[in-house]
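S.K.: please find the sequence and the predicted model below.
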Amino acid sequence: MNPRNALPETAAVPAPPPAQVAPLRRPLFRKYFLALFVAVVIPLLISGASEAWFGYRDYRTMLDERLRVEANAAAARIREFLGSIKEQMDWTVQLPWTEANTERRRLDALRLLRQVPAIVDITLVDGAGVERLKISRLGRDVIGSGIDRSADPAVAGAKARKVWYGPVTLNRGSEPYMTMGVAGNRAAVGISVAQINLKLIWDVISAIKVGESGGAFVVDRDGKLVAHPNISLVLQGADAKMAARLKELQAAAVAARGAAVTTEDFEKRTILVAMAPVPGVDWAVFASQPLSEAFAPLWAALWRTGYLLLGGAVFAVLLALVLARRMTGPIRVLEQGVARIGAGQFGHTIEISTGDELERLAGGVNRMAGELALSQERSERIARLKRFLSPQVAEIVEKAGQSDLLSAQRVEVVVVFCDLRGFTAFSAKAEPEEVMRVLGEYYEALGAIIIRYEATLTHFSGDGMMVLLNAPVPCPDNPAVRGVRMAADMQAAVQALIGAWRGRGHTLGFGVGLAKGAATVGRIGYEGRQDYTAIGRVANLASRLCSSADDGQVLIDADAASEASREIALAPAGSRALKGFADSLAVYEVARNAGAAPANAMAATATKA
Amino acid sequence: MIAQDRGVTCGRPRRRDVLAYCLGAAAWPFAARAASPPTPIIGYLRRTEPIPGQFAGFREGLKSLGLEDGRTIRIEQRHAGGNMERLNAFAAELAALDVGVITVDGLVTVQAAMAATKTIPIVFALASSPAPLGIAHLNRPGGNVTGILNIISELQGKRLELLKELVPRLRRVALLLNPEGVENAGMDLVAETAKQLRLEIEIFEARDFASWPGVFAKMAEAGIEGVLMAGDATFGSRPAEFAALAAARRLPVIYPERQFVSAGGLISYGPDLVESWRQAAGYVAKILNGARPADLPIERPTKFVLAINLKASKALGLAVPEATLLRADEVIE
């Protein structure tokens, strides 16, 4: 049976209000959401962080390398600058000195000044260390001064080492000057000593560019700035504090062994510098780049990574939301559906079409609800039957699905009436609790027997009771025999009780009447309260027989007796005039001593059946 | 300091413009605002009449540093034409204009500008020495004045030597100067060199253009064989006239700057003044960017030009010696 089609009206019943559901300690949605979010974001973060870290390291290495290359290139250019001066000076120390060639040497020197603008003046000394010639750009030229220059450090230095570089001095406290001595191949050619204006290195140093705004600068062994793109800094001259700082920087760069170091430049910007030495003059060339500029591409990359991470996180949130909702949405629907079904709305259908296990589960629940509906209907029907049928009969009726057994029909039945004698007087004087207790014991005893004989209890009122046999379910054996046996058992059981009651001071008796005949059977009553009963002469007869019976007596009509007497010992009880019956009727009773034993045997076979 | 305020606004417009272009149309109000700060004004004050080559050098120097006259900066030119009163009046006018920096030629103009302002930075391009300005140290001038020296007087000895080399028979030499100028220091050096070279020195004074023919007549009268020109801006304003007068009197003259040689003069030795003006532009840019003139070292020239006019030497019947030709950076034939 498909409840969806059968009971569409129940679907309209509103769902139980969600307020009655206790809040969850750890809702599934949150769990799924967190799990999915974390599953996406954590790897994202790890990859982002590692990328940033390795990116930084590689970039820093690359920067170091680049600045070192720049510093080396700048140092090479400075060396080239000095080397070209030395090369030009070599021309002046090629011929040995004679008196005759002084004029020629003068022209050589003049040529040198034309070739090398950085030379301020040049002094030519002969092999003996005597000054022969001095040519100057600013001052007067001096020829043959004859001054002994052999003790001059430039002359002595050049004599010893072919090339001699003097310390950097400041001309007029501003321009950096350096003396350079160059000796020829032989002592006789003498030595050439030149004053060099190092301001002209500016042409070289200002041409060096590192990145957008980086550059190079040169520092001598005393920490004096020799060359800088900002010539003003060089010309500002000696400053002990700056010299100390530059020497410190030099030491730091040496300690860093090729790696770049961070420092502050003259304009208080943080810069990254790498150093390369200039051998011979013992200078250091620094290539520098502002830190902000050097790291700008890295920052850009980091920002990009950051944005990607953020985007990824947002995506993860959305993804987690969608997935968690997909996961928990059907579960909620299921939960609500189960709650409705639990509340008795078996017609409720859980609508899930996710195509997965959840849909299957919903289908299962729906089927279960349908079966629950069926089973409830059935149990309701059984409960209805059990009201007048013994449980076994009710089961049989239910199993057979023959609810129409209860419909009206005319059948041959055995009707048994019984009641207590003296009950009215007893109930009037006894305590209500005692009355109810007696009645309880009485019905308990009788009920057990009725159930055992699979008889149908049609109704009881007060101490009286009407029991039907062969309807609505036909008896498997002779209903008269069965009825007589049951009546005898009832009598025996109640007599036992009467004995006990007597002990409690109650004087009560019990009589039973039994008749067999055709009767109309069926349900009577109204909606919600219905009884199954038998109507006809046989019911009246049984009732009259019961009234007529003495305590301990079971009166049986002739029809029943003729059938029962074949198996049970019956005794005629004479002929009685009964109310409502025109003629007096022949009546029988169960022989008093022949009641108990065969009745028990009969009961055993009955239950087996 | 005014100069610093100006300096801040000066260097930025270009960068901001670029930024504004990058930001696109949405940012146009900012771009409009960024472009609106007042254009820095540069005062250009000269004692004489204009000397076109030098001003062009200055303008070019500024342009190469991103300061273009009429666009990012404005140059206010004032030429006193040799008139001291006008010079002082112009100096006061430029100071009142509240210019970002005043660029001047030589010492006389520096002093006029210094009298007009104690705060506006002054950059000189042609001063002979810092001593008359009360500046002791080249590396830290300390006041509101800095610039480029032309060391004109420091080279007078060398010039005398070069004149003697070119004219070996030289004995009587005239030192021509303007008594109104203060560029005449270095007299001692001239005297000493003259002694060593066995030359007689006679001083001749010329105040203005009008007095030149008279001075030349006097020189001829005195038997002068060569002339050493002292540095003074009044001479430089009319180089061709001067060279013509010298040629007419058949007098060899050594000049401090090459413009006289290009105008027909015989020989010159000294720094390249066009280059000096280009350097002065660098000072102006630094000051407009916020540098204090007190911290900007005064620079000495590093390049010296010897120019010789072979036409003039031929006219004088001079055989130019090899040494002179070797020294010459520029030979006009």
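M.R.: Nice, I can see it. A quick note: this is a predicted structure, and the numbers were derived from the prediction, not measured.

S.K.: can you name the next helix or strand after the host helix or strand of A:Val285?
M.R.: Per DSSP states H and E, A:Val285 falls inside strand A:283-290. Next helix or strand after strand A:283-290 toward the C-terminus (DSSP H and E): helix A:291-294.

S.K.: does any bit of that next one sit next to chain B?
M.R.: No - contact of helix A:291-294 with chain B (Cβ under 8 Å from any Cβ of the partner chain) is absent, the minimum separation being 14.0 Å. Bear in mind the C-beta positions are built from the backbone N, C-alpha and C, glycine included.

S.K.: can you pull the buried residues of that helix?
M.R.: Using 16 or more other Cβ atoms under 10 Å in any protein chain shown as the test for burial, helix A:291-294 gives A:291, A:293-294.

S.K.: now do stretch A:439-455
M.R.: Those would be A:439, A:442, A:445-446, A:449-455, for stretch A:439-455 by 16+ other Cβ under 10 Å.

S.K.: and it, what's its mean pLDDT?
M.R.: Model confidence over stretch A:439-455 averages 90 on the pLDDT scale.

S.K.: can you give me the neighbour number for the residue of the stretch 201-350 of chain A found nearest chain B?
M.R.: As assessed by Cβ to the nearest Cβ, chain B sits closest to A:Leu235 within the stretch 201-350 of chain A, at 3.5 Å. By other Cβ atoms under 10 Å in any protein chain shown, 25 other residues sit near A:Leu235.

S.K.: which residues are in contact with the closest residue to it other than its chain neighbours?
M.R.: Of all residues not flanking A:Leu235 in the chain, B:Pro297 sits nearest, at 3.5 Å (Cβ to Cβ, 6 or more residues apart in numbering or on different chains). Contact criterion Cβ atoms under 8 Å, 6 or more residues apart in numbering or on different chains gives A:174, A:232, A:235-237, B:138-141, B:146 as the residues in contact with B:Pro297.

S.K.: name the nearest residue to residue 143, ignoring sequence neighbours.
M.R.: Looking at chain A here, since you left the chain open. Leaving aside its chain neighbours, A:Ile143 sits nearest to A:Leu133 (5.7 Å; criterion: Cβ to Cβ, 6+ apart).

S.K.: actually it's chain B I care about, not the one you picked
M.R.: B:Ala294 (6.1 Å).

S.K.: and that neighbour, how many neighbours?
M.R.: 13.

S.K.: before we move on, what about A:Lys241?
M.R.: A:Lys241 has 8 neighbours, counted by other Cβ under 10 Å.

S.K.: who in the stretch 1-150 of chain B is up against chain A?
M.R.: So far as Cβ under 8 Å from any Cβ goes, the stretch 1-150 of chain B lies against chain A at B:137-140.

S.K.: the biggest helix by length in chain A packs against which elements?
M.R.: The longest helix of chain A (DSSP state H) is helix A:28-90. If you count contacts as 3 or more Cβ pairs under 8 Å, 6 or more residues apart in numbering or on different chains; DSSP states H and E, helix A:28-90 packs onto helix A:102-115, strand A:175-183, strand A:191-197, helix A:202-205, strand A:215-219, strand A:270-278, strand A:283-290, helix A:296-342.

S.K.: closest one to A:Ala256 among the ones you listed?
M.R.: strand A:270-278 (8.2 Å; Cβ to Cβ).

S.K.: return the list of strands paired to the closest one, each annotated with direction.
M.R.: Here strand A:270-278 has these sheet partners by DSSP bridges: strand A:261-264 (antiparallel), strand A:283-290 (antiparallel).

S.K.: any idea how far whichever residue of chain B sits closest to chain A lies from A:Arg269?
M.R.: Chain A sits closest to B:Pro297 of chain B, with a gap of 3.5 Å, by Cβ to the nearest Cβ. With distances taken as Cβ to Cβ, to the nearest Å, B:Pro297 is found 21 Å from A:Arg269.

S.K.: residue 137: what's it in contact with?
M.R.: Looking at chain A here, since you left the chain open. A:113, A:119-121, B:158, B:304.

S.K.: my bad, the chain I had in mind was chain B
M.R.: For B:His137, the contact set (Cβ under 8 Å, 6+ apart) comprises A:173-174.

S.K.: helix, strand or coil for it?
M.R.: When classified by DSSP: H, G, I helix; E, B strand; the rest coil, B:His137 comes out as coil.

S.K.: show me what from the stretch 101-250 of chain A comes close to chain B.
M.R.: Counting by Cβ under 8 Å from any Cβ, the residues of the stretch 101-250 of chain A close to chain B are A:106-107, A:110-111, A:113-114, A:117, A:136-141, A:170, A:172-175, A:197, A:199-200, A:231-232, A:235-237.
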